[in-house]
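Enquirer: kindly generate the corresponding structure for this input.
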Amino acid sequence: MMDAPFFAGYLVTHAFLSEMLDKNSGHILNISTPASIVPWPGATLYTASRWAVTGFTKALRADLYGTNVKVSLLIPGEVSSNYFEANPGSHERLPALSKIFPVLKPEQVAAEVVRMVRSNKSQERVIPAAMKLSSLFGRYFPGTMQRLLNASGYTYRKHAALTKSSP
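Expert: Sure thing, here's the model as predicted:
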C-alpha cells in the first residue's frame, strides 16, 4: 500500500530534486485521492497511504517555497481502469456518495496533468468539478462530510452480517 503511491513518489523526487534545485527549475506533480481529504470507511491502509502522498506533497511545496521548483497535487475522483479488477472487493468499499460523480477517463486525468505542468505554478486541483465542491465542503465541514461518508460507506458490521447470511 505504501510502495507505489508514497515511496515511489518520494524516491523519484529524491532522485531528481538536487538537479532541479541546481537548475532552479522543475515541476513535481503527485496524484492522490479524495480519501486524502476526508477518509472513508473500509479503506484504512489505502487512505493512510494517500494521506502520506498528500502530506509529502504539501510539505515539499512548503520546503521549496521561494525556489523555481513547482510542486503540485492532483486529486481525481474515480478513474476507469483495471484497478478494481486487480483489487477485488475494493469497489464495494467506495461510499455510495461517490456514485454521484462521473467516472473519469484516463485521458481526462492525463490532460489535467499536462495543464497543470504547463501552467508552471504550484497548485492543487480536484477533478471533476463536482468533486471539487464536495472536497471544499469536506474541508470546511469535516464532521458533516465524515458522517455522510460513514453513513453511505462500508462498515464491518454490515459486511459481517452479509457474509454470515451467505450460504
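Enquirer: what residues does stretch 141-159 touch?
Expert: 38-43, 92-97, 134, 137-138 (C-beta atoms under 8 Å, 6 or more residues apart in numbering). (C-beta placed from N, C-alpha, C; glycine too.)
Enquirer: restricted to buried residues, select the residues you listed in PyMOL.
Expert: Selecting only the buried entries of the contacts of stretch 141-159 in PyMOL, with 16 or more other C-beta atoms under 10 Å as the criterion:
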select buried, resi 38+39+40+41+42+43+93+94+95+134+138
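Enquirer: can you give the distance of the host helix or strand of Ser49 from its chain's centre?
Expert: Element membership for Ser49 (DSSP states H and E) is helix 44-63. In terms of C-alpha atoms, centre = their mean, to the nearest Å, the centre of helix 44-63 is set 9 Å apart from its chain centre.
Enquirer: the inter-axis angle of the lengthiest strand in the chain versus helix 44-63?
Expert: If you go by DSSP state E, the chain has its longest strand at strand 69-76. Orientation of strand 69-76 against helix 44-63 (axes from the mean of the first three to the mean of the last three C-alpha atoms, to 10 degrees) gives an angle of 150 degrees.
Enquirer: which residues touch the very next helix or strand once past strand 69-76?
Expert: Of the helices and strands lying after strand 69-76 in sequence (DSSP H and E), the nearest is helix 83-86. Helix 83-86 is contacted from outside by Ser90, His91, using C-beta under 8 Å, 6+ apart.
Enquirer: dump helix 83-86 to CSV, keeping only the CA atoms.
Expert: Taking Å, rounded to 0.1, in the frame of the first residue of the first chain, the C-alpha atoms of helix 83-86 are listed here in CSV:
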residue,chain,number,x,y,z
TYR,A,83,-7.6,-1.1,-10.5
PHE,A,84,-10.9,-2.5,-9.2
GLU,A,85,-10.4,-5.8,-11.1
ALA,A,86,-6.9,-6.1,-9.7
